[in-house]
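Peer 1: Quick one, structure for this:
(chains A, B, C and D)
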Number of protein chains: 4
Amino acid sequence: MALVAAVAAAPPHTCTAADGTAAPSQRGAWQGEFFAGIPRIQFEGPDSTNPLAFRYYNASEEILGKPMREWLRFSLAFWHTMRADGSDMFGSPTQRRPWEADAAEVGELEVAFRRMRAFFELLDKLGVDYWCFHDRDIAPEGASLAETNARLEQVVALAQELQAASGKRVLWGTAQLFKHPRYLHGAATSPNATVFAYAAAQVKKAMEVTKKLNGQGYVFWGGREGYSTLLNTDLALEQANLARFLRMAAAYKRRLKFRGQLLLEPKPQEPTKHQYDFDAATAIAFLLKNGLDKDFKLNIECNHATLAGHSCQHELETAAAYGALGSLDANTGDPQTGWDTDQFMTDERETTLLWWTLLHHGGIAPGGLNFDAKLRRESTDLKDIFYAHISGMDAMARGLRNAARLVQDGVLDGMRRQRYSSWSNSQLGRAITAGKLGFEELEKLALAEPDPWDTGLPSGSAELSEIVLSRYVR
Amino acid sequence: MALVAAVAAAPPHTCTAADGTAAPSQRGAWQGEFFAGIPRIQFEGPDSTNPLAFRYYNASEEILGKPMREWLRFSLAFWHTMRADGSDMFGSPTQRRPWEADAAEVGELEVAFRRMRAFFELLDKLGVDYWCFHDRDIAPEGASLAETNARLEQVVALAQELQAASGKRVLWGTAQLFKHPRYLHGAATSPNATVFAYAAAQVKKAMEVTKKLNGQGYVFWGGREGYSTLLNTDLALEQANLARFLRMAAAYKRRLKFRGQLLLEPKPQEPTKHQYDFDAATAIAFLLKNGLDKDFKLNIECNHATLAGHSCQHELETAAAYGALGSLDANTGDPQTGWDTDQFMTDERETTLLWWTLLHHGGIAPGGLNFDAKLRRESTDLKDIFYAHISGMDAMARGLRNAARLVQDGVLDGMRRQRYSSWSNSQLGRAITAGKLGFEELEKLALAEPDPWDTGLPSGSAELSEIVLSRYVR
Amino acid sequence: MALVAAVAAAPPHTCTAADGTAAPSQRGAWQGEFFAGIPRIQFEGPDSTNPLAFRYYNASEEILGKPMREWLRFSLAFWHTMRADGSDMFGSPTQRRPWEADAAEVGELEVAFRRMRAFFELLDKLGVDYWCFHDRDIAPEGASLAETNARLEQVVALAQELQAASGKRVLWGTAQLFKHPRYLHGAATSPNATVFAYAAAQVKKAMEVTKKLNGQGYVFWGGREGYSTLLNTDLALEQANLARFLRMAAAYKRRLKFRGQLLLEPKPQEPTKHQYDFDAATAIAFLLKNGLDKDFKLNIECNHATLAGHSCQHELETAAAYGALGSLDANTGDPQTGWDTDQFMTDERETTLLWWTLLHHGGIAPGGLNFDAKLRRESTDLKDIFYAHISGMDAMARGLRNAARLVQDGVLDGMRRQRYSSWSNSQLGRAITAGKLGFEELEKLALAEPDPWDTGLPSGSAELSEIVLSRYVR
Amino acid sequence: MALVAAVAAAPPHTCTAADGTAAPSQRGAWQGEFFAGIPRIQFEGPDSTNPLAFRYYNASEEILGKPMREWLRFSLAFWHTMRADGSDMFGSPTQRRPWEADAAEVGELEVAFRRMRAFFELLDKLGVDYWCFHDRDIAPEGASLAETNARLEQVVALAQELQAASGKRVLWGTAQLFKHPRYLHGAATSPNATVFAYAAAQVKKAMEVTKKLNGQGYVFWGGREGYSTLLNTDLALEQANLARFLRMAAAYKRRLKFRGQLLLEPKPQEPTKHQYDFDAATAIAFLLKNGLDKDFKLNIECNHATLAGHSCQHELETAAAYGALGSLDANTGDPQTGWDTDQFMTDERETTLLWWTLLHHGGIAPGGLNFDAKLRRESTDLKDIFYAHISGMDAMARGLRNAARLVQDGVLDGMRRQRYSSWSNSQLGRAITAGKLGFEELEKLALAEPDPWDTGLPSGSAELSEIVLSRYVR
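Peer 2: The predicted structure follows:
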């Protein structure tokens, strides 16, 4: 906040050096605060009716022996928060950000600097420690890849300054390999080898700047790595190329000595008709097949989970069962729409379930909860950015609180453990688990024993479990 | 047919031996033909208006150097063909099969024998070479597992006789591990170890009888291997148990010297909310993770593909890309319903696409095309069984013919090959494929070369591809 | 409860009269309580951890000036509660009800009596005032329609007794026109006129017994009134026949002097591929077109709403906007399954939204909240029936409490009212609403005024609304 | 064609008058043909392998007594054909149209003129007689509504010229009430009365220019007439306002003496979460309720049908059953995607079914088949526009040919008629149809007659119907 306050006091016009570039600390300076009049958001407790306060998120409060901020590891997504303009497939932009109004005059690079400053003001005011970005969202493309890289470096330099002053860090970075038309047929899966090379260059640079920004991870989301129709697609070749690309990425990561986690982000479709990382299990099959499972984990997104026909909790459980749980894009979709609405998750029941699962797996670190979520097109106030994130943070904090009580009391876990007790307690269960029995021994046993249906199988108690859960959703 | 004709001439009452069992060759004998008045179905060519004739399927006609019967390897599914009774979740049975009318009098085992005879009459009249079965559909359960096994052996003995006389073979067998209430919580994934043992005993026997019947494969469809709610489910434990079960199956297969292919059949859900073998990729992840990929391939079902959000062709391509293409359940669903309708696939465009893919992978053998399809509840004539299968066989034969022309002419394949030509023809493509380049080399190249978007990327030509395809859908 | 207690003291064997029928008050008597050991469920408050207690439902507590029981008007569905046996499309029954164990011995009519007694014990122990039924679920069919009617009368006579003793009432009755194979092609929409007549006779009788049981309504759910394929369907003729049938029903209702509300229950599909009463709007189109809108309202079911691609709240709002809001089947589906799972609704957020809507329309009376919900197949304890209903009742009570606070505080309603204020407050809005303006006047105005986008349109504030809502979901 | 040829010979630079406007006949003139090298598309018959020829569409060939062009009434959609730029929610434009390259230099109005000329060249070369447009797609907005209207008039003047020279006509026009941010909360359903007025002015003008262009109809598609969340929505008020708006439109149509048909176009969702004209039945309910059913019919779109959970044929049948079948947007979606992909319909089976239905209702006139379909993002050749439309036109022509044979032979119709024969042939059926019977008479009959299930109900013969259909899909 200190930095932002200092900036706010700076003169509203930027100081331009002789070479046409602003001195770093002046770049993107703006007329006072970007979100003037909005204070740093404070915890006021569940009964607060102040929409600009947290009711559940109390960063320093300990839950199960750790401060909430360390469990929750919130992250803002630069692309949605700063770049979503309210447009959709049928509509023009609706968001009018004051710091973009004179873009034609000050230039798009200066606007990029302003956005970065505004973003850090947001991080500060919301008390969020991490952020995520696409290379092309933070800095505009230039006339050549070299110029584009140079621009990216400039914006990253500012971000480094702002990070140094604020202690914020990057949760993960990524390269935007889907928006530019050169990637229309795919990036790593393009039928054109030069496009593959171009994508490699872009990812290389994005990994480098992610490292510079102390990124905890680096994500691959293959928005164009899929197909529009199988009629013109060599699926096996495309997947082999994708594997080649990721192997190069893993190799370069080692060479770069970048210690962040590499992550794949599954999504079933959209923009393409089918994306190769359809869901967690599909991504895992790909990693296992190509010997990449040691190098990559998964970044699960809740809205992608439901588009793939799964609950988000299912995707987390699946990733965890394969040792591939990496990070979480904390958003949600509309249950009746067939595309990615990237809404903020506000449902306390769902966040309770997610955290029940996460707590069983030790939390999400070194990943985090990234708000890959955007305002609705109709939400056109600057304040809406705050409402949305407060709502999302509080819902997650509420879920964490609920889940912690659920785990501490142990009722639901106890019921579940009891349900499987024959595997740990019975001689038969232990012998099977130990690998001592085969079909022949088991057949003998089955022929000798009464039918388990006749001796009684306990109820699954799903409805009782729901009652227990409902006690904890508060 | 010889056998059936002989049987038809036999007296309508069965000959019961002193021990209450009929002499094998009399078991299930019936009053003449089961499908009286329906002749053996003949090929009459595309212009035939006889609904009891084939218009496209001409068993011995050569397509791409092989008789159609060897490409198509049709199989009837005993369960749907003989046991589907027209009931649904909201309705009682509608099918009245004459040979079941006096079941109370003659006993359910005798009815089971009749069904097997009727089934072989069908195989003969339809000219289908293979069949598939669940253990419990061909023979009724007894009071104990031992008695159930004995009954199964009796029915299998009759089937062996009928096979010997007709040359028919089993495409694959399987165990019904979903209908009996003992499996309500799962079979291999039951929370109860005794149920696991019981399931093992059942699969062991089913594998044995499949071997006896010269089965080309053995299928695992995990209708109850999934969950109804995650609240009471230990997903990781259940999946570990499923892996244990399948490892035992693979070990027993070797011990039994059964040479058929083991297969997993993916389905996303139904009856459970989530099934562990959700789709091809999910099943492959599971096999790879558990070291089972050498022992198992996949039995893809088209209706399951669409329920999982994929086209059937996609599932075939995916299985093939992982070397796991095993067999195909040739059916389809209604595009607007969210459950398995198991209809006969009648769409010539879709069968053309499926065969286009299959021909690229050398066909489906040693698997086959199993009609896992049922009459609609309202189709209550015996003749409907014929119409349905003729329709399904003809649609597949039509697809094979179309796809063969498509492959022979090579237009679509040529367009596709051309699209990826930079990977085989350009120096860059070959160097990447050969693993000679990394991110650093590619970055240098990208910085030096013009943006591929500026130099022009060819159209994906999806619409032109559709025109080409349409020429072959006839 | 008095009656049930008396019955409990009666001898366990029934007293059979000379004519083979038991004296009414003995019919269905059982060995003490059906649900022995389960007490009448009491309200214990939110902190109770007793799963056999209510935490939110306190029948006599006043909410917005009315006791909770009068708002909620809970009803048990006889079919699910007493007849759901745990079977599904892939599995045999799993429910073993002790009072059905000796059915072969005592006869199915006696079992029907027992079920009715058990059901009233449930109504009593759960403190539920209403119930719903299909004719064929409460009484078994006989060899002829006349005999079937006679059996129905006998069971209804017992129900009348039990109602008289307990004060319980029927919320609505209905005829089961989907299970028997005679209805395989439809009932009112059957291609066969005799089936239409048969259905008419069945509905006539069902309306009569509903009247006898003081039914508040009578429901038509057209499970077979739809099609499996358009290839064999005359959609216009079928819909015309459905209209004829419903006109006859309305006429007979008047003649019978039955004062209950006639209701259509929309469902998009299942068992058929398409059902004519797809959703609320479709049913309304049909009623309006056929002049039936004065005679019929809608019974909205939440699981049917989501299958049709709507939220349940949407269907309630739609019905209300057309003046057709009749009653509610309080259940839910699994968000990832494409068929009717008929689960108990346990989500406090959703029940809050439903009650927010219902309170705006004055509640649901004379309809009610019918638990058209069933235990999961794996829930095989008798106690599960209680857990499930307690869970469902408490979730609805919790929603009512939340919604009442929401309405009383008025924050969300105030925001919404403010959003539309130009329609009530501005001269232009009032003139349009009053019908004083046409396109020509409006064009003049639009040409004269600045573009409303330039003068500022307020945010839709969806995220702020979600924050407000979240304060009330407790 | 004459005009376009003349234009082609004109100098490549436009002739600008002193007032800055070009003389009409020079506006948009271009350097020769827009689609140089592509000839007028000719019919070459089914065996042609020329992708720039028709294989099924032979405009003047008589089918069932009418030339194909009169049945098919093809229309090009200006928006997709000329304005779709290949962008999607995740990607920038991919289409580079040469006539737009110097837009910055020549001005957007001149580009609009060029587009109109290019479009008429397309109409000519494809042999399409009709076109459809949104106001804002043919002419760019100006600084004020007045200026926008003036620009629109200029473009319309050119279109009138081009129409006069070519004989082409508008199938329907419409106003774009969804793209501009002023409509972010709705147009006719905006919470803001001034926006309503603005929309009214826009529609008034769009109706006027549609009349000028001899439009056969005028369409209302309510892309923003719906909601994003019910939390901030007054559904009843919004629907009442929509009705007011449409009543004004109908009144102005009469005043304008515009003889075209007014049409609503249903779509379930996208861009909004829910659109009020969800599907055909929903739109009809709305029209009936508000007394608008005499003034409006429906424009059914196939991709919208499937998004709403229906087959396109179902929507046509539904519209027809209500006397509301107006026109058809001939496109299709991907069966596995949950958004509007607006692909060209290429499936000969589906077009056969659509035309089977349309022929039963006398065809689609005065509506037509509008290609509301776009190239895939990856289809970046100018030729792709031709391939796509040829593919779509041929698929429809093929369907018409197939359906005509289906109707002429009468087999399928005969089967269907026979299925319902008891309604026309039996005394009972006729008496019911004549309204002579009520529940009491029908009960007597049902009690006297045997159960229709016992006397036999014929099979629905769905599979046989599918065989018959397959004979005609060629």
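Peer 1: Count the neighbours of A:Ser461 for me.
Peer 2: 26 (other CB atoms under 10 Å in any protein chain shown). Where C-beta positions appear, they are placed from N, C-alpha and C, glycine not excepted.
Peer 1: OK, contacts around it?
Peer 2: By CB atoms under 8 Å, 6 or more residues apart in numbering or on different chains, the residues touching A:Ser461 are A:Met415, A:Arg419, B:Asn232, C:Ser379, C:Asp381, C:Asp384, C:Tyr387.
Peer 1: Now do whichever residue of the stretch 101-250 of chain A sits closest to chain D against C:Asn214, distance only.
Peer 2: In the stretch 101-250 of chain A, the residue that lies nearest chain D is A:Pro181 (4.3 Å; CB to the nearest CB). Distance of A:Pro181 to C:Asn214, computed by CB to CB, to the nearest Å: 70 Å.
Peer 1: more crowded one of those two?
Peer 2: Between A:Pro181 and C:Asn214, counted using other CB under 10 Å, A:Pro181 has the larger neighbour count: 22 against 15.
Peer 1: what residues are up against the nearest residue to the more buried one once chain neighbours are set aside?
Peer 2: Nearest residue to A:Pro181, sequence neighbours excluded (CB to CB, 6 or more residues apart in numbering or on different chains): D:Thr94, at 4.3 Å. Contacts were defined as CB under 8 Å, 6+ apart; by that measure D:Thr94 touches A:Pro181, A:Leu184, D:Asp85, D:Gly86, D:Ser87, D:Arg377, D:Glu378, D:Thr380.
Peer 1: who wins for most neighbours among those?
Peer 2: A:Leu184 (28 neighbours).
Peer 1: tell me which of the contacts of D:Thr94 is nearest to chain B?
Peer 2: Using CB to the nearest CB, the contacts of D:Thr94 come closest to chain B at D:Glu378, 3.2 Å.
Peer 1: Could you check how far the residue of the stretch 1-150 of chain A at minimum distance from chain C is from A:Leu126?
Peer 2: Residue of the stretch 1-150 of chain A nearest chain C, by CB to the nearest CB: A:Pro51 (5.1 Å). The spacing between A:Pro51 and A:Leu126, counted by CB to CB, is 13 Å.
Peer 1: Of those two, give the one with the bigger neighbour count.
Peer 2: A:Leu126 (24 against 19).
Peer 1: how near is that one to chain B?
Peer 2: Distance, A:Leu126 to chain B, by CB to the nearest CB, to the nearest Å: 31 Å.
Peer 1: Hmm, that residue is touching A:Asp394, no?
Peer 2: No. Using CB atoms under 8 Å as the test, A:Leu126 is too far from A:Asp394 to be in contact (11.2 Å).
Peer 1: Overlap of the contact sets of the two?
Peer 2: In contact with both A:Leu126 and A:Asp394: no residue, using CB under 8 Å, 6+ apart.
Peer 1: Centre of the chain to stretch A:31-45, how far?
Peer 2: How far stretch A:31-45 lies from its chain's middle: 25 Å, per CA atoms, centre = their mean, to the nearest Å.
Peer 1: Contacts for that stretch, please.
Peer 2: Here stretch A:31-45 has contacts from A:1, A:4, A:8, A:12, A:50, A:52-55, A:57-59, A:61, A:98-99, A:114, A:117-118, A:121-122, A:124-127, A:382-383, A:385-386, A:390, using CB under 8 Å, 6+ apart.
Peer 1: Out of those residues, which end up buried?
Peer 2: Neighbour counting with 16 or more other CB atoms under 10 Å in any protein chain shown marks A:4, A:8, A:52-55, A:57-59, A:99, A:114, A:117-118, A:121-122, A:124-127, A:382-383, A:385-386, A:390 as buried within the contacts of stretch A:31-45.
Peer 1: My reading is that A:Gly323 lies in a helix. Confirm?
Peer 2: No. Per DSSP: H, G, I helix; E, B strand; the rest coil, A:Gly323 lies outside any helix segment and is coil.
Peer 1: what about A:Gln269, how many neighbours?
Peer 2: Other residues near A:Gln269 come to 24 when the count uses other CB under 10 Å.
Peer 1: same thing with the one 3 residues further on?
Peer 2: With neighbours defined by other CB under 10 Å, the count for A:Thr272 comes to 25.
Peer 1: Next, give phi and psi for it.
Peer 2: Torsion angles at A:Thr272 (phi, psi; degrees, to the nearest 10) stand at phi -80, psi 170.
Peer 1: Now do it against chain D, distance only.
Peer 2: With CB to the nearest CB as the criterion, A:Thr272 and chain D are 9 Å apart.
Peer 1: and if you look at A:Cys312?
Peer 2: Taking CB to the nearest CB, one finds A:Cys312 at 17 Å from chain D.
Peer 1: mind listing what that residue touches?
Peer 2: A:Ile300, A:Cys302, A:Ala305, A:Thr306, A:Thr332, A:Glu350, A:Leu354.
Peer 1: again with A:Gly399
Peer 2: So A:Gly399 contacts A:Glu348, A:Glu350, A:Thr351, A:Thr352, A:Leu353, A:Leu354, A:Trp355 (CB under 8 Å, 6+ apart).
Peer 1: Just give the number of residues close to the residue nearest to the last one when sequence neighbours are not counted.
Peer 2: Once its chain neighbours are removed from consideration, A:Trp355 has its nearest residue in A:Ala403; the separation is 3.5 Å (CB to CB, 6+ apart). If you count neighbours by other CB under 10 Å, A:Ala403 ends up with 25.
Peer 1: who's in contact with A:Ala403?
Peer 2: Taking CB under 8 Å, 6+ apart, one finds A:Thr352, A:Leu353, A:Leu354, A:Trp355, A:Trp356, A:Leu358, A:Leu359, A:Tyr472 in contact with A:Ala403.
Peer 1: Let me know the secondary structure of the third one.
Peer 2: The reference is to A:Leu354. Assignment for A:Leu354 (three-state DSSP): helix.
Peer 1: Surely it is in contact with A:Leu316?
Peer 2: Yes. Using CB under 8 Å, A:Leu354 makes contact with A:Leu316 at a distance of 6.6 Å.
Peer 1: shared neighbours of these two, which are they?
Peer 2: Contacts common to A:Leu354 and A:Leu316, judged by CB under 8 Å, 6+ apart, are A:Leu328.
Peer 1: Can you show me the strands along chain A?
Peer 2: In chain A, the strands defined using DSSP state E lie at A:42-43, A:53-54, A:62-63, A:66-67, A:74-77, A:130-134, A:169-174, A:217-220, A:226-227, A:261-264, A:274-275, A:296-301, A:325-329, A:369-371.
Peer 1: now those strands as JSON lines including mean pLDDT?
Peer 2: Converted to JSON lines, these look like this (pLDDT from 0 to 100):
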{"stretch": "strand A:42-43", "mean pLDDT": "98"}
{"stretch": "strand A:53-54", "mean pLDDT": "98"}
{"stretch": "strand A:62-63", "mean pLDDT": "98"}
{"stretch": "strand A:66-67", "mean pLDDT": "98"}
{"stretch": "strand A:74-77", "mean pLDDT": "98"}
{"stretch": "strand A:130-134", "mean pLDDT": "98"}
{"stretch": "strand A:169-174", "mean pLDDT": "98"}
{"stretch": "strand A:217-220", "mean pLDDT": "98"}
{"stretch": "strand A:226-227", "mean pLDDT": "98"}
{"stretch": "strand A:261-264", "mean pLDDT": "98"}
{"stretch": "strand A:274-275", "mean pLDDT": "98"}
{"stretch": "strand A:296-301", "mean pLDDT": "98"}
{"stretch": "strand A:325-329", "mean pLDDT": "98"}
{"stretch": "strand A:369-371", "mean pLDDT": "98"}
